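Q: how would this look folded up:
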Amino acid sequence: MKLEEKTISSKQVFDGCLLKIYKDEVLLPDGNTATREYNKHHGAVCVVPLTKDNEVLMVKQYRYPLRQVMLEIPAGKLEKGETPLENCKRELKEETGADGYSYMTLGSYVGLCAYSDEIVHMYMCRVDGCGEQHLDDDEFLNVEKIPFDKVVEMVLNNQIIDGKTQVAILKAKYLLDSGKI
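A: Alright, predicted model coming up:
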């Protein structure tokens with residue numbers, strides 16, 4: 001059975017700073033029609049920054065939609081004119097003050113494919129430590145150094161529930177343990 005849906009019409013119903021919400025009418029594989037609502041997003045990056053002592057630079061920040069403080073790896077949305085790697089380096093520097101080196105891609109992550117086309121480009125790198133943060137005016141976060149194995153344990157114990165962080169940490173763990181990097 002064919003699974004693809006064909007767009008009949010598309011209308012932007014909300015145009016915000018972050019969210020660009022569309023409502024489309026689609027032709028289903030069986031010939032019927034349906035409505036699809038989704039967010040068009042220009043993408044994001046995240047990075048697992050490891051110190052020489054195998055600590056991860058993590059950030060704690062309040063996430064309004066969940067109404068709670070979340071522990072995550074440094075991340076941010078893609079900016080026009082930057083490659084994902086350039087964006088990643090900039091976000092790491094802004095959020096932690098760290099300069100990374102020996103960057104390695106961990107692939108891509110799509111976390112909300114039912115209603116968003118956002119793709120998160122994941123990286124890992126080495127860092128020598130933190131420096132001065134250069135946060136956006138509306139950005140407030142704390143940096144914590146946590147031993148890598150402790151972060152893995154926190155992911156597995158559901159103490160870290162952010163999806164991009166979970167995937168990137170577990171991929172980095174596998175690659176390090178298997179000697180692939």
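
Q: List of residues touching the longest helix along the chain?
A: Using DSSP state H to define each element, the chain has its longest helix at helix 163-177. With Cβ atoms under 8 Å, 6 or more residues apart in numbering as the test, helix 163-177 has contacts from 44, 46-48, 50, 56, 71-73, 75, 104, 106-107, 109, 111, 120, 122-124, 148, 151-152, 155, 160, 180-181. Glycine gets a C-beta too; all of them are placed from N, C-alpha and C.

Q: gap between that helix and the chain center?
A: Centre-to-centre, helix 163-177 and its host chain are 12 Å apart (Cα atoms, centre = their mean, to the nearest Å).

Q: okay, now G100: neighbour count?
A: Residue crowding around G100 was assessed by other Cβ atoms under 10 Å; the count is 22.

Q: To clarify, my last question referred to V155.
A: Around V155 there are 20 other residues, counting by other Cβ under 10 Å.

Q: What score does it have for pLDDT?
A: In the predicted model, V155 carries a pLDDT score of 98.

Q: Please determine how far it is located from V110.
A: Taken as Cβ to Cβ, to the nearest Å, the spacing of V155 relative to V110 amounts to 19 Å.

Q: And the strands in this protein, which stretches?
A: Counting by DSSP state E, the segments of the chain that form strands are 6-15, 20-27, 33-39, 44-50, 55-63, 68-72, 75-77, 100-109, 120-127, 141-147.

Q: most tightly surrounded among those strands?
A: With neighbours taken as mean count of other Cβ atoms under 10 Å, these reach their highest mean count in strand 44-50, at a mean of 25.

Q: returning to what we had before: what residues of the longest helix of the chain count as buried?
A: Residues K164, T165, Q166, V167, A168, I169, K171, A172, K173 are the ones in helix 163-177 that count as buried (16 or more other Cβ atoms under 10 Å).

Q: ok, these vs E37, which is closest?
A: Minimum distance to E37 across these is 22.7 Å, recorded for K164 (Cβ to Cβ).

Q: ok, the closest one to P84 distance?
A: Taken as Cβ to Cβ, the spacing of K164 relative to P84 amounts to 13 Å.
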